[in-house]
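Asks: pasted the sequence and its predicted model underneath.
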Amino acid sequence: MAERRPQHASDKLAFLLALVPFLMDRGRVSVSEVAAHFSVEEKTVREAVNLIAVSGIPGATGTYQHNDLFDVAWDDFLDHDQIVLTNLVAIDDAPRFSGREAAALIAGLQYLSALPENADRTAIATLMAKLSRGASTAPTPVAVEDSETNSTLAIIRESVATGVQVDFDYLNSRGERERRKVDPLRIESLDADWYLRGWCHLREAVRTFRLDRISDPQRSDQPITYRADDVTLPDKLFEGSPDDIEVTIELPSAALPLLADYIGDRDVSEIPSGNVRTTIRVSHLHGLKRLIASMPGVVTVVSPREARESVAEWATAGAAQYQ
Amino acid sequence: MTRPAAPRIPVEERLFSLVLALLATESGLTKGEILSTVQGYRQRYDPNGSNANLDRQFERDKDDIRELGVPLETIEDPAEAGNNQNLRYRIPRGAYELPDDISFSAEETTLLNLAAVVWREGSLSEESRRAILKLRSLGLPADEPVLSVAAHTRVRDAAFEPLKAALDKNAVVSFPYLKPGETAARIRTVEPLALIQHQGRWHLYAHQNGEPKTFLLRRISGDVKQTGKTFPAPEGDQAAIALAELEEVWNSNRAVVQVAPGSDAAIRLLKRRGTEVEEEGSVLSLRYADRNILADELTGFGPEVLVISPPDLRDAVRERLEVTARLHASPEGESPANASPASDGSSHG
């Protein structure tokens, strides 16, 4: 979690309050080590140390006497980029979490309950209880449903740990089923859906697989060719390609966030009915018809004609079963 | 006489100095003492003036500090109740510091680091970042996770942030809510108790006229407003209560569907939580909490799914397929306005 944006005053305060106990604990530490530990720039660390060194409490006289201020070993700091606090004031320990901070981590842990790392439920419960107890107020009541540990993820994790390929049956959204052999690189999730990104030996390229389309996963005996560090994964889970189909859709503006990942920063124009029109990019119509049908009556395809027909056929075939 | 221009003290220096001063005092400091002696205030303090600006500054600073989870306390002298000038302020050490017996193992630190990057934007992301900063204050090393995990979760519902803010304050809120089967949204006024995510969707658990209700955030069709009233926080873990209630509904609802063997529906619905196989590869029994949500999900599978029971779900899916077919029937686009399936099957609101 790199923190590269300019800090607000309360961010800076939070950093100061976290930094002091860390420095106390380390005794002597280099600026670069602190920067790496907190994922901040070295400049930020030096600024913070300069501020700490002149800060303190008003004291008995209300005039900030020397003994009421923090102090650093200036020679070490200025000449060697080393930090040693030589006088300490007011702060003894790391601060508690706020109720909202504890709640955010707890909800994150719950969200990750499908991970094999999370399989020990007692350990997770203990960890959540620690977060609650370590908060200055009761955590905000925000919670995520517990999911079962995902067995596919467990097999993928074992494959990574032992450096072998994982192989599985994969049904793509075109309906084609193939046995894939993959070097797992990263697990990603997008809201409720989980994906494996890996080097596919069948396609000889990086591919993204939906976990719920994987059947019969096995740890193979073939060593992997690529490790996560060897491959630069594109930022986006779904890369656009020149072959993508542009589809114009119409929907109520309130429904736009539901399609945020498809729309990107495209133009949205309002039409007289009060709805909006925009364009989405899809790799093929097989995916499109499923997407549109899962938002029935909300999103309508306007053009191109083949896209409308594909959705119409899909829904008509579905409805025909009930005749 | 004009006062000399005060040297500019950075905001973070003033806030830091205030925290230090209030941590160092046992009995608390009065506002007068703070404004006249604490770094960042004292430079602007006028012993003969009203210090109204400085006073307002102090009020804002207190809020900012409390936002970070710092327990800034106000102590009232019982002998002088109601006298604002004699209120004393302090930060009790025990409530400020992380208790000594709380530490995190390398595995726990790894998990917390993973948990902190789950939320991609919004206040949950911001608060996770702060929490990790405090965790790093402890100087704990983390294990390198075996498998690198990147979770990217966005809370897409516009109502989430205002509801979360209201939860923190126990503030009564009102919002327009469109219940399936109703043509216009109605304003609901509720006491928010918890926000919970179930089956990938955010729900609000709240009291409406004293009755517990669950609302789907996606159906909140307009602004969430605080009414200005607050309510006493109820006892117990409301999020756990709310999840347990939804889980009970989830467990009591069963849908039987026929799936085309080997199809996307057959594979993905089999992986859905709670699915039981009735007939190998072709008939599945699914659990659900909300008929309309499941109907939308099943409609996406088109001809790969045929709902056998219950009849209301069967009708809901059929109707949705027909609406979708009708809206896409003509070669050119037709407005989907007023075409939403009109059936009531909500366990919500």
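Replies: Done, it's in.

Asks: the residue in the stretch 201-323 of chain A that chain B sits nearest to: what's its closest spatial neighbour, skipping adjacent residues?
Replies: Per Cβ to the nearest Cβ, residue A:294 is where the stretch 201-323 of chain A lies closest to chain B, at 2.9 Å. C-beta: built from backbone N, CA, C; applies to glycine. Using Cβ to Cβ, 6 or more residues apart in numbering or on different chains and skipping residues adjacent in sequence, the residue nearest residue A:294 is residue B:300, 2.9 Å away.

Asks: give me the residues contacting the lowest-mean-pLDDT helix or strand in chain B.
Replies: When the helices and strands of chain B are compared on mean pLDDT, DSSP states H and E, strand B:149-152 comes out lowest with a mean of 70. Applying Cβ atoms under 8 Å, 6 or more residues apart in numbering or on different chains, the contact partners of strand B:149-152 are A:108, A:111-112, A:115, A:186-190, A:237, B:114, B:117-118, B:120.

Asks: again, only using 10 Å
Replies: Under the contact criterion Cβ atoms under 10 Å, 6 or more residues apart in numbering or on different chains, strand B:149-152 has outside partners A:108, A:111-112, A:115, A:117, A:153, A:157, A:186-191, A:194-195, A:197, A:233, A:235-237, A:261, B:114-115, B:117-121.

Asks: not counting sequence-adjacent ones, nearest residue to residue 41?
Replies: Because you didn't say which chain, this covers chain A. Excluding its sequence neighbours, the residue lying closest to residue A:41 (Cβ to Cβ, 6+ apart) is residue A:35, at 6.2 Å.

Asks: can you look at chain B instead?
Replies: Counting by Cβ to Cβ, 6+ apart, the residue nearest residue B:41 is residue B:35, at 4.7 Å.

Asks: got the CA positions of the helix or strand hosting the one you found in CSV?
Replies: In this assignment (DSSP states H and E), residue B:35 forms part of helix B:31-37. The C-alpha trace of helix B:31-37 is given here as CSV (Å, rounded to 0.1, in the frame of the first residue of the first chain):
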residue,chain,number,x,y,z
LYS,B,31,-9.6,26.0,27.0
GLY,B,32,-8.0,29.1,28.3
GLU,B,33,-4.9,27.2,29.3
ILE,B,34,-4.8,25.4,25.9
LEU,B,35,-5.2,28.6,23.8
SER,B,36,-2.7,30.6,25.8
THR,B,37,0.1,28.0,26.1
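
Asks: buried set for it?
Replies: B:31, B:33-37 (16 or more other Cβ atoms under 10 Å in any protein chain shown).

Asks: picking up where we left off before, what about the residue nearest to residue A:41, how many neighbours?
Replies: Counted with other Cβ atoms under 10 Å in any protein chain shown, residues neighbouring residue A:35 total 16.

Asks: okay, and the beta partners of residue A:194?
Replies: Bridge pairing for residue A:194 (DSSP bridges) gives the partners residue A:189.

Asks: next, give phi and psi for residue A:196.
Replies: For residue A:196, the backbone dihedrals (degrees, to the nearest 10) come out as phi -110, psi 130.

Asks: neighbours around the nearest residue to it once chain neighbours are set aside, how many?
Replies: Nearest non-adjacent residue to residue A:196, counting by Cβ to Cβ, 6+ apart: residue A:209, 4.6 Å away. Neighbouring residues of residue A:209 were enumerated by other Cβ under 10 Å; the total is 21.

Asks: please, which helix or strand holds residue A:209?
Replies: Counting by DSSP H and E, residue A:209 is part of strand A:205-210.

Asks: quick one: contacts of that strand?
Replies: Around strand A:205-210, the neighbours that count as contacts under Cβ under 10 Å, 6+ apart are A:152, A:156, A:168, A:170-173, A:180, A:182-186, A:188, A:190, A:193-200, A:226, A:231-234, A:236-239, B:264, B:267-268, B:271.

Asks: strands - which of the residues you listed land there?
Replies: Under the assignment DSSP state E, these contribute A:168, A:170-171, A:180, A:182-186, A:188, A:190, A:193-200 to strands.

Asks: buried members of those residues into ChimeraX, please.
Replies: Here is the ChimeraX command that picks out the buried ones among the ones in strands among the contacts of strand A:205-210, judged by 16+ other Cβ under 10 Å:
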select /A:168,170,171,180,182,183,184,185,186,188,190,194,195,196,197,198,199,200
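
Asks: smallest gap between the stretch 1-150 of chain B and chain A, at which residue?
Replies: For the stretch 1-150 of chain B, Cβ to the nearest Cβ, closest residue to chain A: residue B:69, 2.5 Å.

Asks: low-scoring pLDDT stretches of the stretch 101-250 of chain A, where are they?
Replies: In the predicted model of the stretch 101-250 of chain A, residues A:191, A:235-240 satisfy pLDDT under 70.

Asks: what is the helix or strand containing residue B:191 packed up against?
Replies: In this structure, residue B:191 sits in strand B:186-198 according to DSSP H and E. With contacts taken as 3 or more Cβ pairs under 10 Å, 6 or more residues apart in numbering or on different chains; DSSP states H and E, strand B:186-198 sits against helix A:99-111, strand A:142-144, helix B:160-169, strand B:171-177, strand B:201-208, strand B:211-216, strand B:225-230, helix B:238-252.

Asks: may I see the buried residues of that strand?
Replies: Across strand B:186-198, burial judged by 16+ other Cβ under 10 Å covers B:188, B:190-198.

Asks: what do you get for stretch A:283-298?
Replies: By neighbour count on 16+ other Cβ under 10 Å, the buried set for stretch A:283-298 is A:283, A:285-298.

Asks: identify the residues contacting residue 173.
Replies: Reading this off chain A. Residue A:173 makes contacts with A:210, A:213, A:282-284, A:286-291, B:264, as judged by Cβ under 10 Å, 6+ apart.

Asks: meant chain B, my bad for not saying
Replies: The contact partners of residue B:173, taken as Cβ under 10 Å, 6+ apart, are B:159, B:162-163, B:165-167, B:188-192, B:204, B:206, B:220, B:223-227, B:229.

Asks: could you pick out the buried ones from the residues you listed?
Replies: Applying 16+ other Cβ under 10 Å to the contacts of residue B:173 flags B:159, B:162-163, B:165-167, B:188, B:190-192, B:204, B:206, B:220, B:224-225 as buried.

Asks: just the closest of those to chain A, please.
Replies: For the buried ones among the contacts of residue B:173, the residue nearest chain A by Cβ to the nearest Cβ is residue B:167; the value is 5.6 Å.

Asks: how about the closest one: what's its closest non-neighbour residue?
Replies: In this structure, residue B:167 finds its nearest non-sequential neighbour in residue B:192, 5.1 Å apart by Cβ to Cβ, 6+ apart.

Asks: and the helices in the chain?
Replies: Picking chain A for this. Taking DSSP state H, the helices of chain A run over residues A:9-26, A:31-38, A:42-53, A:74-80, A:99-111, A:121-133, A:151-162, A:260-263, A:285-293, A:305-320.

Asks: hmm, I had chain B in mind actually
Replies: Remark: helices assigned in chain B by DSSP H are B:11-24, B:31-37, B:52-67, B:93-96, B:106-116, B:122-137, B:160-169, B:238-252, B:264-271, B:291-299, B:311-327.

Asks: among those, which is nearest residue A:217?
Replies: helix B:264-271 (11.5 Å; Cβ to Cβ).

Asks: show me where pLDDT drops low in the stretch 201-349 of chain B?
Replies: Applying pLDDT under 70 to the stretch 201-349 of chain B flags residues B:331-349.

Asks: sorry, back to before: ok, now which ones touch the residue nearest to residue B:41?
Replies: Going by Cβ under 10 Å, 6+ apart, residue B:35 touches B:29, B:41-42, B:44-47, B:51, B:54-55, B:57-58.

Asks: most widely separated two among these?
Replies: Largest separation among the contacts of residue B:35 by Cβ to Cβ: B:29 and B:46, giving 18.5 Å.

Asks: who has more neighbours, the two?
Replies: A side-by-side neighbour count of residue B:29 and residue B:46, using other Cβ under 10 Å, places residue B:29 first with 22 against 13.
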